[in-house]
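J.: I'll drop the sequence and a predicted model, then ask my questions.
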Amino acid sequence: MTTTPESLESFLSGRWQRGEGIETTLVDPVTGDELATVSAKGLDLQGALEFARREGQRALRGLSYAARGKLVGAVADVLVANRARYEAIAIANSGNTKTDAAIDIDGGIGTLKYYARLGAGLGDAHALVDDKPARLAKAENYQAIHLMVPRRGVAVHINAFNFPSWGLWEKAAVSLIAGVPVLAKPASATALLAHAMVKDVIAAKVLPEGALSLLCGNAGALLGALTADDLVAFTGSADTAARVRGHANVIAKSVPVNIEADSINAALLAPDAAPAGAAFDAFVREVVREMTVKAGQKCTAIRRVFVPAQTTDAVADALAEKLKATKLGDPRQADTRMGPLVTRAQQAAAFDGIRRLASEATLVCGGAEPPTLDGIDRNRSAFVAPTLLKLDDASEAKAVHEVEVFGPAATIVPYGDEQDAASLIARGGGSLVASVYGEDKDFLVRMVREIAPSHGRILAVDPAIATVHTGHGIVMPQCNHGGPGRAGAGEELGGLHGLRFYHQRLAVQGSSDLIAGLQASAASLH
Ligand code: NAP
């Protein structure tokens, strides 16, 4: 007997509502089974935004940062209490292994808890000050200060398919601490987890009315209904980012937009790193981890592997050995180390990208064909084998710096000297993250300085931290997440810095008494 998959409801204007028909069917990427459907057709998005602006703002604005920190902590508690159910959803809808699911689920919960603590640290304040008062004229009692006050609109959070939990909560945590209600729109293909989590949070009644809304289905007329008070935080592909940023209403109303887009991230091995040395081993371990965790579907994953020209073959052999030994399969099997991509459309896009990379590079392992796996139907599943490519000469290659394969694929790029390495890395056009591995600290410092302008984050690994660092691709809430150029030129997280996007920053000029009064009732951002 076939059952009709559940149609996921959206939580808008304080109630669960179902759109008309089917816009997207959510599928298990191992079996091809249909899991659920989504549609936002016919939903009143303008009314939903007005409700969040009115009710959510009213409730959140009256609270201090510390009180909002308690709300965010309570959301984390609800998710912890229900965690066991989320893993099964992540396995079914995203093809996650347990490790992949933990990065998404626990990453989201951890970020909520971190911001709950930051909120507590800001105390009873209702505004932030950004610096110390400055004297503006000869008169000592005339001063200015930069104040930051929560914005009055709704934060629309549009998320990518690869982190249905972390993407939702890393944005919501910061927005709620700042006092700005959230309307979250998960990517349709993997909306099941975000839907289940929000359903639990709403049922637990830990947030005030209007503080959190959920849109399951296409964005439709959402951007057209934004006002100048609202904000958009977007994570996804550069193509969609350009459509969001270029939307006529977004431009007309000067709606602030934060973009986290795609990125061809680099890892670099130092020139003097000997095969089988500490830096070499740390490098190989991290590249393999980045290529295989979440089947390479991390915006921060290593795509370009920079190695000294004379070490190319040693690195290729070491990586290929580990990649070929990675057990690919159904994540429900205990020995599976890597699952499928989330959909067959993503699989087709990855194969297309691999073919484009292979037009300039040699295939070391993997490829642009579905792998043959025991008990898995290659016509219904979305697997891509770990795929390593190698350039013999990097000077003319273009695709490696332009094509983001959003899957388990990376290309080895040989470099000549430090300057050559730095200029090749910059050809990525701006990235979220790079990592550099070496034993010579002076080299690491030079390289960090050299490649810093085209990155939002750099991990520098010397043997002292080789086994303790948090990983190239893992976004820590203490650290900036975002990157220049192709990566979208956005900034998220980074501790208190992340609150800036949700605040209006203004200079207040007045008497020193007035400025002192404002300062006393605000918390310092530093
Ligand atoms: P996508 O196709 O660009 O979709 C991203 C989100 O935008 C989805 O929620 C999508 O909704 C929505 N969307 C699509 N068209 C829209 C429109 N016209 N107006 C408003 N929203 C619209 O990206 P994806 O395939 O989900 O994610 C993969 C990409 O995201 C990769 O390129 C990856 O590098 C990037 N990424 C970046 C980061 C980062 O932090 N920098 C993190 C993760 C992923 P529907 O699903 O309903 O179409």
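T.: Happy to help now that I have it.
J.: alpha carbons only for contacts and neighbour counts from here, please
T.: Will do.
J.: counting by contacts, list what whichever strand or helix holds residue 90 packs against.
T.: Counting by DSSP states H and E, the element that carries residue 90 is helix 83-94. Where contact means 3 or more C-alpha pairs under 8 Å, 6 or more residues apart in numbering; DSSP states H and E, helix 83-94 is packed against helix 98-121, helix 191-203.
J.: list the buried ones in the first one?
T.: Yep, that's helix 98-121 we're talking about. 98, 100-120 (16 or more other C-alpha atoms under 10 Å).
J.: list the contacts of stretch 326-341.
T.: Stretch 326-341 has contacts (C-alpha atoms under 8 Å, 6 or more residues apart in numbering) with 29-30, 91, 94-98, 292-295, 297, 347, 373-374, 376, 381-385, 407.
J.: any of those buried? List them.
T.: Using 16+ other C-alpha under 10 Å as the burial test, the contacts of stretch 326-341 include 29-30, 91, 94-98, 292-295, 297, 347, 381-385, 407 as buried.
J.: just give the nearest non-adjacent residue to the most centrally placed residue in the chain, would you?
T.: The residue lying closest to the centre of the chain (C-alpha atoms, centre = their mean) is residue 167, at 5.6 Å. Excluding the flanking residues, the one nearest residue 167 by C-alpha to C-alpha, 6 or more residues apart in numbering is residue 159, at 6.1 Å.
J.: show me where the stretch 1-150 of the chain has helices.
T.: With DSSP state H, counting those that start in this stretch, the ranges of helices along the stretch 1-150 of the chain come out as 45-51, 57-61, 65-81, 83-94, 98-121.
J.: residue 175 and the ligand, how far apart?
T.: Distance of residue 175 to the ligand, given as C-alpha to the nearest ligand atom, to the nearest Å: 16 Å.
J.: tell me the contacts of that residue?
T.: Listed by C-alpha under 8 Å, 6+ apart, the contact partners of residue 175 are 155, 181-182, 499, 502.
J.: could you say which helix or strand holds it?
T.: Counting by DSSP H and E, residue 175 is part of helix 166-178.
J.: how about residues contacting the helix or strand following that helix?
T.: Counting by DSSP H and E, the next helix or strand C-terminal to helix 166-178 is strand 182-185. Outside strand 182-185, the residues that touch it by C-alpha under 8 Å, 6+ apart are 49, 52, 154-159, 168, 172, 175-176, 211-217, 219.
J.: try stretch 76-85
T.: Counting by C-alpha under 8 Å, 6+ apart, 105, 109-110, 112-113, 197, 200-201, 204 sit against stretch 76-85.
J.: equivalent analysis for stretch 443-455, please.
T.: Outside of stretch 443-455, the residues within contact range by C-alpha under 8 Å, 6+ apart are 270, 418, 422, 425-426, 429-434, 436-438, 458, 460, 483-485.
J.: any idea how far residue 359 is from the closest residue to residue 378 other than its chain neighbours?
T.: Setting aside the residues directly before and after it, residue 378 is nearest to residue 370 in space (C-alpha to C-alpha, 6+ apart), at 6.3 Å. With distances taken as C-alpha to C-alpha, to the nearest Å, residue 370 is found 19 Å from residue 359.
J.: of the two, who's got more company?
T.: Using other C-alpha atoms under 10 Å, the more surrounded residue of residue 370 and residue 359 is residue 370, with 18 against 11.
J.: the more buried one in helix, strand or coil?
T.: coil (DSSP: H, G, I helix; E, B strand; the rest coil).
J.: going forward, begin numbering at 343 instead of 1
T.: New numbering, starting at 343: the last item is residue 712.
J.: how about the residues of this structure by the ligand?
T.: Applying C-alpha under 6 Å from any ligand atom, we find that the chain lies next to the ligand at 500-504, 527-531, 559-561, 577-579, 582, 585-586, 602-605, 640-641.
J.: so which of those belong to strands?
T.: Among the residues of the chain next to the ligand, DSSP state E puts 500, 527, 577, 602 in strands.
J.: list the beta-bridge partners for the second one.
T.: If I follow you right, that is residue 527. Beta-bridge pairing of residue 527 under DSSP bridges involves residue 500.
J.: any idea how far it lies from residue 480?
T.: Relative to residue 480, and taking C-alpha to C-alpha, residue 527 is found at 52 Å.
J.: where does the stretch 343-492 of the chain dip in pLDDT?
T.: 343-344 (pLDDT under 70).
J.: for the ligand, what's its nearest residue on it.
T.: When scored by C-alpha to the nearest ligand atom, the stretch 343-492 of the chain has residue 366 as its residue closest to the ligand, at 7.7 Å.
J.: I'd say that residue and residue 529 touch.
T.: No - Residue 366 lies out of contact with residue 529 (C-alpha atoms under 8 Å); the separation is 10.1 Å.
J.: give me the more crowded residue out of those two.
T.: residue 529 (23 against 17).
J.: not counting sequence-adjacent ones, nearest residue to that one?
T.: The shortest distance from residue 529 to any residue other than its chain neighbours is 4.8 Å, reached at residue 503 (C-alpha to C-alpha, 6+ apart).
J.: ok, now how distant is residue 478 from residue 851?
T.: Taking C-alpha to C-alpha, one finds residue 478 at 9 Å from residue 851.
J.: for the two, indicate the residue with more neighbours.
T.: Neighbour count, other C-alpha under 10 Å: between residue 478 and residue 851, residue 851 has more, with 17 against 13.
J.: pull the CA atoms of the helix or strand hosting that one into CSV?
T.: Residue 851 is part of strand 845-853 when elements are defined by DSSP H and E. C-alpha atoms of strand 845-853 as CSV (Å, rounded to 0.1, in the frame of the first residue of the first chain):
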residue,chain,number,x,y,z
HIS,A,845,21.3,46.7,15.0
GLN,A,846,21.1,50.2,13.7
ARG,A,847,24.4,52.0,14.6
LEU,A,848,24.1,55.7,15.0
ALA,A,849,26.2,58.6,16.4
VAL,A,850,24.5,60.5,19.2
GLN,A,851,25.8,64.0,19.9
GLY,A,852,24.8,65.8,23.1
SER,A,853,25.9,67.0,26.5
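J.: got the angle between that strand and helix 508-520?
T.: 20 degrees (axes from the mean of the first three to the mean of the last three C-alpha atoms, to 10 degrees).
J.: neighbour-wise, which of residue 527 and residue 480 wins?
T.: Using other C-alpha under 10 Å as the criterion, residue 527 and residue 480 rank with residue 527 on top: 26 against 7.
J.: so what pLDDT did the residue nearest to residue 774 when sequence neighbours are not counted get?
T.: Nearest residue to residue 774 in three dimensions, chain neighbours excluded: residue 825, at 4.3 Å (C-alpha to C-alpha, 6+ apart). Listed pLDDT for residue 825 reads 97.
J.: residue 825 against residue 773, yeah?
T.: Yes - under the criterion of C-alpha under 8 Å, residue 825 makes contact with residue 773 at 5.2 Å.
J.: list residues touching both of those two?
T.: Shared contacts of residue 825 and residue 773 (C-alpha under 8 Å, 6+ apart): 796-798.
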